[in-house]
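> structure for this input, please:
(one chain, ligands or ions: 1)
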Amino acid sequence: MSNYFRSHVDAMAGYVPGEQPPAGTQTIKLNSNENAYPPSPAALAVLQSIDGEWLRRYPEPFGEKFRQTISQILEIPSDWIIVGNGSDEVLNLVMRACAEPGRQVVYPMPTYVLYRTLTEMQSAEIVEIPYNQDYSLPLEELIAANGCVTFIASPNSPSGHVVPIDDLRQLAPQLSGILVIDEAYVDFAEENALGLVKDYENVIVIRTLSKGYSLAGLRLGFGVANPQLLHGLFKVKDSYNIDAIACAVGAAAISDQAYKNACIVKIKASRTQLATDLKQLGFHVWPSQTNFLLVQPPQGNAEYLYQKLKEQGILVRYFRQPGLDNKLRITVGTESQNQALVEALSKLLKELRLHEN
Ligand SMILES: *Cc1c(COP(=O)(O)O)cnc(C)c1O
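Residues are numbered from 1 along each chain as shown. From the prediction side, this is the model:
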């Protein structure tokens, strides 16, 4: 076929999501960090009550109902909030507004793979700075690189660690571009960086309903920053980026804090149990403030274990990437899913030891 694309699009690989088996397939899906539990019953009740008239009309262009609800829950004025079709869209809006050829987009590695894709889409320059061995932030290098956009996921994926607020407070005022703090996993963490948006005009904190609120399929996320910064992002968003269903269901979900908190308590307890079980099998397990664990198998044979688990219908995430290719990222599932995983791994490791002897 002829080449119809811009040269940088032609050169791009495109984002590769975790495998998504068709709904109803019998898999234990621990590869995309979806929540182990269903969405809030209150949110599902709103979904049932959706009126045809809502769908006939265009939705609110700024997701006003959802925005008002976030405003109440987080106690921030609603004009400090931008709503997106998943937090991925908000990340993309920052890039559309700020990145261009000749400008640098900076982030520590390893992190969320989408940052690279979004940078390539704008044909901006990619500056990837390795995390220190202990996953402490390479602060000096990030400041020196001074990107038009700097992405920090905190908690980070796939490492699971939280970047200390003090580091972010040192970083923000030293950058002449925007500091994006991606808090996709904040509901599973012990601290958050929301307070920074009041103190630094160049900080945007981005959150999602995909992880903590069990609504990955709904596609709803939001960003919090000062209204002047958001004004630039509103200019480049799609006119009706939030559909009416997502807006109504999302508002109900975020209002039901009690349900969300109860799920988080269960997942944190399962996370502790799973970490203990995997350590007992000889895995190195990194501390996590998310709903997943980064683990290194005792013999470093991560790809083999990933394949073998997949054959048994258990999906975990394997990254063929320097520094990660001897590790697995495993979503914390329900107790029974975690048990099935631990049993499968235990058997596989036993078989390997027999072969060795
Ligand atoms: C899952 C994830 C997101 C994407 O969230 P959506 O709201 O589903 O688009 C963003 N950032 C990180 C680090 C994630 O892991």
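> CA atoms for contacts and neighbours, from now on please.
Noted.
> who are the packing partners of the lowest-mean-pLDDT helix or strand in the chain?
When each helix and strand of the chain is scored by mean pLDDT, DSSP states H and E, helix 7-11 comes last, with a mean of 88. Based on contacts counted as 3 or more CA pairs under 8 Å, 6 or more residues apart in numbering; DSSP states H and E, the elements that helix 7-11 packs against are helix 114-121.
> residues in contact with the helix it packs on?
By CA atoms under 8 Å, 6 or more residues apart in numbering, the list of residues contacting helix 114-121 from outside reads 8-9, 12-15, 92, 95, 99, 105, 107, 125-126, 151.
> circling back to that earlier point, so after the least confident helix or strand of the chain, what's the next helix or strand?
strand 28-30 (DSSP states H and E).
> partner strands of that next one, parallel or antiparallel?
Based on DSSP bridges, the strands next to strand 28-30 in the sheet, each with its direction, are strand 314-316 (parallel).
> quick one on the thing from earlier: can you select the buried ones from the contacts of helix 114-121 in ChimeraX?
Written as a ChimeraX command, the selection of buried residues from those, which uses 16 or more other CA atoms under 10 Å, is:
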select :92,95,99,105,107,125,126,151
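> ok so, going back, give me the contacts around the least confident helix or strand of the chain.
The set of residues external to helix 7-11 that reach it, using CA under 8 Å, 6+ apart, is 120-121, 123.
> mind giving me the domain split of the protein?
Per the record's domain assignment (automatic domain parsing), the chain is made up of the domains 19-38+258-356, 41-255.
> what about the helices in the stretch 201-350 of the chain?
Assignment of helices within the stretch 201-350 of the chain using DSSP state H, counting those that start in this stretch yields the ranges 227-235, 244-255, 257-280, 302-311, 335-356.
> any idea of the mean pLDDT in the shortest one?
It refers to helix 227-235. Here the mean pLDDT over helix 227-235 is 98, rounded to a whole number.
> name the surrounding residues that touch that helix.
Surrounding helix 227-235, the residues in contact under the criterion CA under 8 Å, 6+ apart are 79-82, 93-94, 97, 201-202.
> over to the longest one?
Contacting residues not belonging to helix 257-280 are listed as 36-37, 40, 187-188, 212-213, 284-285, 291-293, 332-335, 338, 342 [CA under 8 Å, 6+ apart].
> let's see which of the residues you listed end up in strands.
With strands identified by DSSP state E, the entries of those that belong to them are 284-285, 292-293.
> neighbours of the spatially closest residue to Pro21 that is not a sequence neighbour, how many?
Take Pro21 and drop its neighbours on the chain: the residue closest to it by CA to CA, 6 or more residues apart in numbering is Thr27, 7.7 Å away. A total of 15 residues lie near Thr27 under the criterion other CA atoms under 10 Å.
> next: Pro138.
Neighbours of Pro138 (other CA under 10 Å): 16.
> picking up where we left off before, out of the domains of the chain, which is the most enclosed?
By mean neighbour count, with neighbours taken as mean count of other CA atoms under 10 Å, domain 41-255 ranks first of the domains of the chain at a mean of 19.
> so what are the sheet partners of whatever helix or strand Glu128 lives in and their directions?
Under the assignment given by DSSP H and E, the secondary-structure element containing Glu128 is strand 125-130. Looking at strand 125-130 with DSSP bridges, its partner strands are strand 104-109 (parallel).
> can I get the strand it pairs with in PDB? Just the C-alpha atoms.
What follows is the C-alpha trace of strand 104-109 in PDB, where atoms were taken according to Å, rounded to 0.1, in the frame of the first residue of the first chain:
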ATOM      1  CA  GLN A 104      11.700  17.500  24.900                       C
ATOM      2  CA  VAL A 105       9.400  15.300  26.800                       C
ATOM      3  CA  VAL A 106      11.100  13.800  29.900                       C
ATOM      4  CA  TYR A 107      10.300  10.900  32.200                       C
ATOM      5  CA  PRO A 108      12.200   8.400  34.400                       C
ATOM      6  CA  MET A 109      12.400   4.800  33.300                       C
END
